[in-house]
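[1] I need the structure of the sequence given here:
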Amino acid sequence: MRKVGILGGAFDPPHNGHLILAETALKQLNLDEIRFIPTNIPPHKQASQASAMDRFEMLRLAVESTNHPEFVIDMVELNRKGPSYTFDTMTELIGREPNSKFYFIIGADMIDYLPHWYKIDELIECITFVGVPRPSYNGVTRYSVQMLEMDEIDLSSSEIRHKIQEGIVVDELIPRNVLNFIKEKGLYGV
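    Presented below is the predicted three-dimensional model:
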């Protein structure tokens, strides 16, 4: 059975924290693949600032910068209209790949929010949640979550967008090719 890690999100923009997290999960869980799934419409956050195709392209560039053939992008949520509920996505993936075991990777902020997820009781029965520590969040829930052993990554896409808008250098926070794309497209007020 293939072991597939799922890392979903807006990736608005993708950053080095996402890539470090993916690499840590790949190694610690002995996964065959990390699948990045950019969300179409996040049900719990405000709309993304960059378009879906710009976010996909930035994610493609970020993944390309890693030289990890185990990192792939799946457009399942971008191809589906409406809000991107994890339950719907995982139901589709499980139907497509019945011989895969899925590990859904979430930050402590989302662990705290799990009781509010769409069809969480059904979802918890068909996937394994993997948690990542994040500053200022407890990461405590009544649901079963396997925690990765890693230092907290104090980095967020919203923080990076803010820094870009303020003209603060973010060279160490996102891959160079992603930053070049942001500048070329004039994203986030560059």
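
[2] alpha carbons of the helix or strand of the chain with the lowest mean pLDDT, as PDB, please.
    The helix or strand of the chain with the lowest confidence, counting by mean pLDDT, DSSP states H and E, is helix 108-113 at a mean of 86. C-alpha atoms of helix 108-113 as PDB (Å, rounded to 0.1, in the frame of the first residue of the first chain):
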ATOM      1  CA  ALA A 108      -1.700  23.300  15.100                       C
ATOM      2  CA  ASP A 109      -4.000  26.100  14.000                       C
ATOM      3  CA  MET A 110      -6.100  23.600  12.100                       C
ATOM      4  CA  ILE A 111      -5.900  21.000  14.800                       C
ATOM      5  CA  ASP A 112      -7.600  23.500  17.100                       C
ATOM      6  CA  TYR A 113     -10.200  24.000  14.400                       C
END
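
[3] which residues are contacting it?
    With contact meaning C-beta atoms under 8 Å, 6 or more residues apart in numbering, helix 108-113 is reached by 44, 129, 131-134, 137-141, 145. Just so you know, the C-beta spots here come from the backbone N, C-alpha and C atoms, and that holds for glycine as well.

[4] list the buried ones in that helix?
    108-112 (16 or more other C-beta atoms under 10 Å).

[5] how about Ile41: what's its closest non-neighbour residue?
    Counting by C-beta to C-beta, 6 or more residues apart in numbering, Pro83 is the residue found nearest to Ile41 once chain neighbours are left out, at 4.8 Å.

[6] show me where the protein has its strands.
    Secondary structure of the chain by DSSP state E: the strands cover 2-9, 33-38, 71-73, 100-107, 128-132, 145-147.

[7] how about the ones you listed in a markdown table, adding distance to Phe56 and mean neighbour count?
    Shown next, in a markdown table, are the strands of the chain (distance: least, C-beta to C-beta, whole Å; neighbours: other C-beta atoms under 10 Å):
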| stretch | distance to Phe56 | mean neighbour count |
| --- | --- | --- |
| strand 2-9 | 12 | 20 |
| strand 33-38 | 6 | 23 |
| strand 71-73 | 7 | 17 |
| strand 100-107 | 19 | 20 |
| strand 128-132 | 23 | 22 |
| strand 145-147 | 28 | 15 |
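
[8] among those strands, which is nearest Leu187?
    strand 33-38 (14.7 Å; C-beta to C-beta).

[9] state the mean pLDDT of that closest one.
    In this model, strand 33-38 has a mean pLDDT of 98.

[10] partners of that strand, with directions?
    strand 2-9 (parallel), strand 71-73 (parallel) (DSSP bridges).
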